[in-house]
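[1] Give me the fold of what follows.
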Amino acid sequence: MEETTTLLSFKAGRVDFNPPSKTAYPLEAKGRITLSRYNDEETPLLSFVWEPRGPSKNDPAIKTEDFTIFPKEAEWVPVSTCSTGRAYVLKFNSSSQRIIFWMQESPDPSNSSTLTESDKKIAKRVNALLQDVHAPENDEDDAAEPTGDIEMSEGANGTSPAQDPQLVNLLRSITVPAADSVYGATNSGDASRVLNIFDVYSQNEMIAYASSLPEGHPTLACLYELLPEGVSHTRSELLDVLQSPQFSQGVDTFCTALRTGSDIGIGRIVARELGYEYKGEGMPGLIRGLAEQLRTEDSESNKADDDML
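    Predicted coordinates:
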């Protein structure tokens with residue numbers, strides 16, 4: 001696990017959303033949100049972690065939620081329709097993902113449902129870090145951590161919370177042997193027109209590939225290690241993840257960030273994460289880099305076979 005430096009930490013709980021009634025219900029568990037940056041200065045990604053605190057830490061049913069967020073990918077927005085407490089939505093701009101939280105810092109004694117100045121300062125700092133993990137901190141953004149908790153018993157209207165993106169793990173798991181598909185895109189000159197990884201190697205092809213691997217295959221073992229925490233390392237669970245809307249949404253989010261993040265060098269970061277030679281920004285750079293990696297691996301494999309003859 002990469003080392004991180006904490007930038008901001010504050011108390012907040014999770015909110016459950018009921019789609020039929022369009023009502024959000026605050027969960028009782030006490031929690032904390034921590035925003036951190038990775039100590040690798042070239043990595044502009046933000047670590048956004050919600051974890052239980054107090055007695056809730058010992059409840060096995062309450063899991064830590066860990067999000068890795070690209071610059072400008074999300075916003076921290078107050079829920080204006082919440083009349084019984086102070087709630088915010090982590091809103092992802094590149095997808096429909098919405099995760100709702102309720103503030104557990106000390107409320108205004110005169111009105112526990114009104115956002116406090118501390119809430120607003122925290123929100124300003126969160127949004128600054130979501131824009132740029134290296135955003136400087138100043139007196140206006142500085143939010144000292146108040147003490148105390150609040151309870152919130154009624155729901156608030158909101159939007160559906162997202163599942164854990166697990167974006168870094170998902171993007172790493174995309175590197176499966178799709179040589180023919182990748183070669184086709186690069187050799188035909190179509191790489192510049194590819195907008196999504198699924199345009200080159202479909203979700204169904206990924207599922208078929210994972211299904212075809214024999215038990216004990218090194219690639220299968222590697223894919224198991226990339227499954228979200230708490231998920232059993234079985235082929236059935238792996239296929240469930242690959243078929244899930246969260247996986248598809250995670251790939252879409254990653255591709256959007258790759259296409260729009262060339263100004264901050266996202267392509268170079270992805271190349272380092274996936275272990276291929278950097279071949280430029282955007283989807284063309286990703287495809288050319290992966291294609292070159294696959295050609296190299298094929299050549300080395302063929303040479304090894306020849307040496308054995």
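[2] thinking in terms of the whole chain, how far from its middle is the top strand by length along the chain?
    Secondary structure of the chain per DSSP state E: the longest strand is strand 4-18. For strand 4-18, the separation from the chain centroid amounts to 14 Å (computed by Cα atoms, centre = their mean, to the nearest Å).
[3] Quick one: mean pLDDT over that strand.
    Regarding strand 4-18, the rounded mean pLDDT is 88.
[4] Buried residues in it, which are they?
    For strand 4-18, the neighbour count (16 or more other Cβ atoms under 10 Å) marks T4, L7, L8, F10, K11, A12, G13, R14, V15, F17 as buried. Where you see a C-beta, it was placed from the backbone N, CA and C, and this is true even at glycine.
[5] Most widely separated two among those?
    T4 and F17 (28.9 Å; Cβ to Cβ).
[6] Show me which helix or strand of the protein is least confident by mean pLDDT.
    When each helix and strand of the chain is scored by mean pLDDT, DSSP states H and E, helix 167-173 comes last, with a mean of 38.
[7] Tell me which strands the longest strand of the chain pairs with, and in which orientation.
    strand 23-26 (antiparallel), strand 31-38 (antiparallel), strand 98-103 (antiparallel) (DSSP bridges).
[8] Any chance of JSON lines for the buried residues of strand 4-18, columns distance to P214?
    Putting the buried residues of strand 4-18 into JSON lines (distance: Cβ to Cβ, whole Å) gives the following:
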{"residue": "T4", "distance to P214": "37"}
{"residue": "L7", "distance to P214": "45"}
{"residue": "L8", "distance to P214": "47"}
{"residue": "F10", "distance to P214": "48"}
{"residue": "K11", "distance to P214": "48"}
{"residue": "A12", "distance to P214": "45"}
{"residue": "G13", "distance to P214": "45"}
{"residue": "R14", "distance to P214": "40"}
{"residue": "V15", "distance to P214": "44"}
{"residue": "F17", "distance to P214": "41"}
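[9] pretty sure L239 contacts L213?
    No: L239 is beyond contact range of L213, at 11.0 Å (criterion: Cβ atoms under 8 Å).
[10] Tell me the buried residues in stretch 265-280?
    I266, G267, I269, V270, A271, Y276, Y278, K279, G280.
[11] Which residue, other than its chain neighbours, is closest to the fifth one?
    Looking back up the chat, that one is A271. Nearest residue to A271, sequence neighbours excluded (Cβ to Cβ, 6 or more residues apart in numbering): Y278, at 4.1 Å.
[12] Show me the helices in the stretch 201-309 of the chain, by range?
    Taking DSSP state H, counting those that start in this stretch as the criterion, the stretch 201-309 of the chain carries its helices at 203-212, 218-225, 235-243, 245-260, 266-274, 282-308.
[13] out of the ones you listed, nearest to G85?
    Smallest distance to G85 across those (Cβ to Cβ): 27.5 Å, for helix 245-260.
[14] okay, the angle between the closest one and helix 266-274?
    Computed by axes from the mean of the first three to the mean of the last three Cα atoms, to 10 degrees, the angle separating helix 245-260 from helix 266-274 equals 130 degrees.
[15] Now do the buried residues in helix 245-260.
    246-260.
[16] sorry, back to before: where among the strands paired with strand 4-18 is average confidence lowest?
    Among the strands paired with strand 4-18, strand 23-26 scores lowest, at a mean of 74.
[17] So which bits of that strand are buried?
    In strand 23-26, counting by 16+ other Cβ under 10 Å, buried: A24, Y25, P26.
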